[in-house]
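>>> What shape does this take:
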Amino acid sequence: MNILIINGSAREQSNSFGISKVIETNLKQSGIDTELFDLRKEELPIFKMEEQQYANVSVNKLVNLSQKADAFFIVTPEYHNGISGALKNCLDFLGIDHFKKKPVAIAAAQGGVVGGFNALNQLRLILRSLHANVLTEQLIINARNFDDKQVIFDETSVQQIEGLVAELIQETGIRLQHS
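Numbering: from 1, shown residues only. The predicted structure is shown next:
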């Protein structure tokens, strides 16, 4: 089983990255092969639907990791009631063949007092257009639950992440048994 985590924030001080690290640690502790595609480090060109863009090192890495992934866990911040532009651009490089019937868990980092729901609704809509099997459960982790180094110190939030990771592993296992 191979699960690809996508950190959908390009911001260096990213709470989305903090969530992604908890997911990565939990998956690895569960014995799952996992990769973290971190949009803070992987600079993708603006998607122009041009074939030569796929020669870009980061684009090539994204495509290869997505092709071998059995499932995804995607984390996004909410910017202006939607997913980050970096994440939308990232997903534009992928297609139905990368996501079709694969389980996908989604989570958002809440930046202020409210937020996250609209980004997750938008992300769910995009993933449905890619024929992904987006899990019903989703998470929004409040900004108050992170320290100044983007580490989650709230045990309830960590447990919620662990629960969604367990559900993703279970759904992926079921899919792999029936494919």
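>>> Run through the residues that contact the closest residue to residue 100 other than its chain neighbours.
In space, and not counting its chain neighbours, residue 100 is closest to residue 131: 4.3 Å by CB to CB, 6 or more residues apart in numbering. Every C-beta, even on glycine, is put in place using the N, C-alpha and C of the backbone. Listed by CB atoms under 8 Å, 6 or more residues apart in numbering, the contact set of residue 131 reads 96, 99, 100, 101.
>>> So for this structure, which residue is the most central one in space?
residue 74 (1.2 Å; CA atoms, centre = their mean).
>>> Okay, and that one sits in which element?
Assigned by DSSP states H and E, residue 74 belongs to strand 71-77.
>>> Parallel or antiparallel, which strands does that strand pair with?
strand 2-7 (parallel), strand 103-109 (parallel) (DSSP bridges).
>>> most tightly surrounded among those strands?
strand 103-109 (a mean of 26; mean count of other CB atoms under 10 Å).
>>> how far does whichever helix or strand comes after that one sit from the chain's center?
Using DSSP H and E, the helix or strand that directly follows strand 103-109 along the chain is helix 117-129. Centroid separation for helix 117-129 versus its chain: 12 Å, with CA atoms, centre = their mean, to the nearest Å.
>>> Residues contacting helix 117-129, please?
74, 76-79, 81-84, 87-88, 91, 99, 104, 106-108, 134, 138, 140.
>>> Now list the buried members of the residues you listed.
Of the members of those, the ones counted as buried by neighbours, 16 or more other CB atoms under 10 Å, are 74, 76-79, 82-84, 87-88, 91, 99, 104, 106-108, 134, 138, 140.
>>> Low-confidence bits of this protein, can you list those?
112-114 (pLDDT under 70).
>>> Endpoint to endpoint, stretch 9-19 covers what distance?
The separation between the terminal residues of stretch 9-19, taken as CA to CA, to the nearest Å, is 11 Å.
>>> Buried ones in that stretch, by neighbour count?
Residues 9, 10, 11, 14, 15, 16, 17, 18, 19 are the ones in stretch 9-19 that count as buried (16+ other CB under 10 Å).
>>> Sort out for me which of those are in helices.
15, 16, 17, 18, 19 (DSSP state H).
>>> Same list (those residues) but as JSON lines, adding distance to residue 161.
Shown next, in JSON lines, are those (distance: CB to CB, whole Å):
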{"residue": "15", "distance to residue 161": "12"}
{"residue": "16", "distance to residue 161": "12"}
{"residue": "17", "distance to residue 161": "13"}
{"residue": "18", "distance to residue 161": "10"}
{"residue": "19", "distance to residue 161": "7"}
